[in-house]
Structures are given as C-alpha cells and as structure tokens.
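1. 3D model of this:
(one chain, ligands or ions: 3)
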Amino acid sequence: MKERVRRVFAGLGDSVEALLIANSVDPHLDQSFFYFFDVPGGLFEGSVALAHRDGQIDLFTSALERQSADEAAKSDAAVRVHAVDRESADAVLAKELHGAKTVALNFAELTHGWFTRLHTALPGTQWVDASAAIRKVRSVKEPAEIERLRKAAEIGSKVGREIPGMLKRGITENDLAAEIEYRMHRLGASGRSFATIVGFGAHGAEPHYAPDATRLEPGSSIVCDYGAYYRRYASDITRSFRFGPADAELKAAHETVERAQDAAFAKIRPGVPAREIHNAAAAVIDASPFKGRLIHNVGHSIGLAVHDGWYYGPKVDDPLEEGMVFTVEPGIYLPGRGGVRIEDDVVVTKSGYEMLSTAPRGYLEVAS
Ligand code: GLY
Ligand code: MN
Ligand code: MN
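-> Ligands and ions are numbered 1, 2, ... in the order given. Sure, this is the predicted structure:
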C-alpha cells in the first residue's frame with residue numbers, strides 16, 4: 001500500500017507530515033481506511049490508520065480486530081499494527097504524533113467527535129483537508145481493484161438475469177429485495193453494497209425508494225436497484241421491468257432510457273470532460289416526450305463505496321482517465337405512475353470503455 005500512500009501525499013502540500021484516517025462507529029467508517037489497509041474481514045470501528053510520507057502505515061486497532069489486522073499486515077511490510085482500546089486511542093496518537101505541526105485528515109468522512117478528540121489531544125497541530133487528494137487517487141483504479149469490481153458486477157449481473165423469474169403475482173417488494181440479496185450472497189458476495197431498492201408501480205418514480213410490503217399486481221412496473229460487495233468493492237445495477245399488460249407510455253420511457261444510455265456510453269473515453277456523458281444522456285431524454293423527467297446526475301464513481309466520492313453532472317469538467325470505474329444510470333420518473341432506470345457499471349480503457357455489468361437491459365414484459 002506504500003504506493004497508494006505516496007500518491008496521496010503527492011497531492012498534499014510539502015508541509016504535511018502525516019495523514020490520519022480515523023473510523024468511528026458503523027456506518028461512520030471511512031472506506032479510505034481500507035484503501036490503505038487492505039483487509040478482507042473485520043469492522044475496524046474506532047481504528048486509526050496513520051500514514052507517513054515514506055509510505056509507512058501505523059495501524060491502531062483494538063483486540064476485536066487483532067487477528068484480521070495481523071493477518072493482513074503479514075502480507076504488507078509497510079503496515080505496523082499497534083494495540084489500543086477505543087477510549088485511549090487519542091492519547092496514543094498524541095504520543096505518536098508528538099511535535100507534528102501539520103497533519104492531514106479526510107474532512108469528508110471524519111466525524112466531528114473524532115475531530116474534537118484529536119484537536120484536544122494535539123492543540124498546536126494544524127489540520128489540512130486531504131479529501132480532494134484522496135478522492136482523486138481513489139477514483140483511478142488499479143488492475144487488482146478492477147478485478148474485484150468486475151467480480152462484484154458479475155455477481156449482480158447473474159442475479160439480474162434471474163429477476164424476471166422471481167416476478168410472481170403477490171410477492172412483496174420486501175420479498176423481492178430479500179431474494180436478490182440472498183442470491184448475491186450465495187454467489188460469493190460478502191453482502192449488499194447498499195440497501196436494495198425495489199419499487200412497484202408508482203414507487204418506481206422515487207429514485208431512492210425503500211421497499212415495503214406492497215404486493216406485485218398485474219399492471220405494475222418494477223424498478224430493482226441493487227449491488228454486491230465483493231472483497232470490499234461494490235457494484236451498482238438497476239433493471240426495470242413490467243409485470244403484465246403492456247403499457248405504451250412506460251415502454252416508450254424504457255426505450256428512451258436505453259437510447260440515453262447508449263448516447264452516454266458513446267462519449268466514454270480518456271480525456272473527455274465528464275459532463276459530456278451526462279449531457280449526452282440528458283439531451284436524448286429532453287428531446288423526447290419525457291423532457292425534464294431525468295432528475296439526477298447520470299452517474300457516480302464506484303469502488304470501496306457504492307458512492308465512491310465522485311459524481312458527474314452537467315457542470316463537471318473533470319476529464320475521464322483510464323481506470324476510472326463509474327455507473328451510467330439515466331432514468332425517467334413519472335410521479336404517481338412509475339419510473340424506469342437502467343444502470344450499468346463501466347471501466348474507462350485506453351481507447352473507450354468496458355462494460356462490467358452484463359445483464360440484459362431491454363424492456364421485458366413478464367406475463368402476470
Ligand atoms: N443505488 C443508488 C444509486 O444508484 O446511486
Ligand atoms: Mn443504483
Ligand atoms: Mn448508482
């Protein structure tokens with residue numbers, strides 16, 4: 001992990017002596033902790049990674065995680081593990097950092113509680129925000145990361161192919177969400193990468209809807225948005241279906257979203273400003289009868305987190321780089337009626353992109 005630490009330090013000022021990543025309590029865990037300390041298991045609540053300019057990492061963790069920590073440290077000479085308990089971690093850090101004038105923190109993820117503890121333990125220290133540097137380095141994936149993302153997308157895609165077979169009259173949104181998550185687990189996922197979204201009928205018009213006991217009835221549209229975690233890396237896939245009698249408007253919406261997604265894909269290659277991907281998809285939707293019905297950015301980076309820190313919308317100028325992995329997820333939302341979203345995961349290659357998710361996306365009317 002030395003190289004990762006060095007890359008982040010290259011984006012920080014010369015005066016920064018150390019970079020400190022501190023976890024709070026689940027779900028307030030900074031996934032950057034696992035970028036610097038690649039460990040398959042363990043929760044690492046209250047644990048701290050202290051990275052130094054030379055690439056060395058001191059890891060402070062409790063007895064709860066000791067076994068995982070020692071195992072992982074064995075394969076990475078840059079990591080030294082220290083035992084602390086949660087209550088005294090700040091005192092140990094104060095000793096370790098004694099005399100350090102400038103220390104970088106990940107402002108985007110650090111809790112205020114942790115900041116207050118650090119500030120009290122080290123009153124003279126100047127704190128620098130490392131979040132932009134970390135986000136930039138994390139946004140370009142190494143081949144080993146891409147392999148895990150590919151596997152996470154493969155698991156999601158396999159389950160995506162099975163969803164039409166799960167659509168039976170009377171099942172609830174909760175049933176379907178549970179079945180999707182169960183099958184991902186069976187296929188080797190360590191869990192879901194976010195709370196699965198299953199929305200029947202009008203519920204599909206809300207992009208971040210939470211499933212409930214609503215039953216599937218003939219004439220419902222269906223939006224399923226779900227993802228797997230595989231060795232800490234996430235996939236994020238959405239497929240939309242129709243149960244029972246065809247509906248001309250939703251069918252037209254689905255076809256429009258497919259064309260929007262194709263227009264977005266056609267823009268992806270290194271050097272292209274990210275906004276062009278969003279704008280290409282939005283232009284297709286705005287030229288259709290569904291003008292204005294795309295209500296979110298067309299995509300975001302994925303990695304250790306499903307929302308890995310970077311989004312692209314109409315004003316994002318960042319040029320695409322080989323190795324970036326993100327979603328392409330245009331949608332059309334018709335309040336009171338339903339919605340259509342199609343979401344796939346791609347990696348930017350030298351000359352274009354490669355699809356990581358592969359489940360068929362076409363409009364499918366499942367017989368009710
Ligand atoms: N699963 C939430 C999203 O697609 O961003
Ligand atoms: Mn999604
Ligand atoms: Mn997404």
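
2. report pLDDT for the closest residue to residue 23 other than its chain neighbours.
-> Nearest residue to residue 23 in three dimensions, chain neighbours excluded: residue 29, at 4.7 Å (C-beta to C-beta, 6 or more residues apart in numbering). Every C-beta, even on glycine, is put in place using the N, C-alpha and C of the backbone. Confidence at residue 29, expressed as pLDDT, is 96.

3. state the distance from residue 29 to residue 45.
-> Distance of residue 29 to residue 45, given as C-beta to C-beta, to the nearest Å: 7 Å.

4. got any residues that touch both of those two?
-> Residues touching both residue 29 and residue 45 (C-beta atoms under 8 Å, 6 or more residues apart in numbering): residue 23.

5. so between these two, which is more surrounded?
-> Taking neighbours as other C-beta atoms under 10 Å, residue 29 and residue 45 compare with residue 29 leading, 19 against 16.

6. show me the contacts for residue 68.
-> 39, 40, 41, 42.

7. residues in contact with the third one?
-> Contact partners of residue 41, counting by C-beta under 8 Å, 6+ apart, are residue 68.

8. tell me the SS of it?
-> Classification of residue 41 by DSSP: H, G, I helix; E, B strand; the rest coil places it in coil.

9. could you check how far it is from residue 187?
-> In terms of C-beta to C-beta, residue 41 sits 19 Å off from residue 187.

10. returning to that earlier point: mind checking the SS state of the residue nearest to residue 23?
-> Residue 29 ends up coil, using three-state DSSP.

11. hmm, it is touching residue 35, no?
-> No - here residue 29 does not reach residue 35: they are 12.0 Å apart, not a contact under C-beta atoms under 8 Å.

12. so what's the residue nearest to residue 23 up against?
-> Residues in contact with residue 29 (C-beta under 8 Å, 6+ apart) are 23, 43, 44, 45.

13. next: residue 271.
-> Contacts of residue 271 by C-beta under 8 Å, 6+ apart are 319, 320.

14. I'd like to know how far it sits from ligand 1.
-> Distance, residue 271 to ligand 1, using C-beta to the nearest ligand atom, to the nearest Å: 25 Å.

15. any idea how far residue 346 is from that residue?
-> From residue 271 to residue 346 the distance is 16 Å (C-beta to C-beta).

16. repeat for residue 262
-> Taking C-beta to C-beta as the measure, residue 262 falls 12 Å from residue 346.

17. neighbour count winner among the two?
-> For residue 262 and residue 346, the more surrounded residue by other C-beta under 10 Å is residue 346, and the numbers stand at 23 against 14.

18. quick test: name the residue nearest the centre of the protein.
-> Nearest to the geometric centre of the chain sits residue 306, at 1.3 Å (C-alpha atoms, centre = their mean).

19. surely that residue touches residue 228?
-> No - Residue 306 is beyond contact range of residue 228, at 10.1 Å (criterion: C-beta under 8 Å).

20. pull up the overlap in contacts between these two.
-> Joint contacts of residue 306 and residue 228 (C-beta under 8 Å, 6+ apart) are 193, 234.

21. ok, the residue of the chain found nearest ligand 1 - how many residues close by?
-> Nearest residue of the chain to ligand 1: residue 225, at 4.7 Å (C-beta to the nearest ligand atom). Residue 225 has 25 neighbours, counted by other C-beta under 10 Å.

22. which residues does the residue in the stretch 1-150 of the chain that ligand 3 sits nearest to contact?
-> Closest residue of the stretch 1-150 of the chain to ligand 3, C-beta to the ion: residue 149 (13.3 Å). Going by C-beta under 8 Å, 6+ apart, residue 149 touches 141, 230, 233, 234, 235, 302, 303, 325, 345, 347, 356.

23. and with 7 Å instead?
-> 141, 233, 235, 302, 325, 356 (C-beta atoms under 7 Å, 6 or more residues apart in numbering).

24. please apply the same query to residue 368.
-> By C-beta under 7 Å, 6+ apart, the neighbours of residue 368 are 169, 218, 243, 244.

25. if you set the cut-off to 8 Å instead, what comes out?
-> Counting by C-beta under 8 Å, 6+ apart, residue 368 touches 169, 217, 218, 219, 243, 244, 245.

26. can you put the contacts of residue 29 in TSV and add pLDDT, distance to residue 132 and secondary structure?
-> Shown next, in TSV, are the contacts of residue 29 (pLDDT from 0 to 100; distance: C-beta to C-beta, whole Å; DSSP: H, G, I helix; E, B strand; the rest coil):
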residue	pLDDT	distance to residue 132	secondary structure
23	95	20	coil
43	93	27	coil
44	94	24	coil
45	93	26	coil
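
27. quick one: which of these is nearest to residue 160?
-> residue 43 (29.1 Å; C-beta to C-beta).
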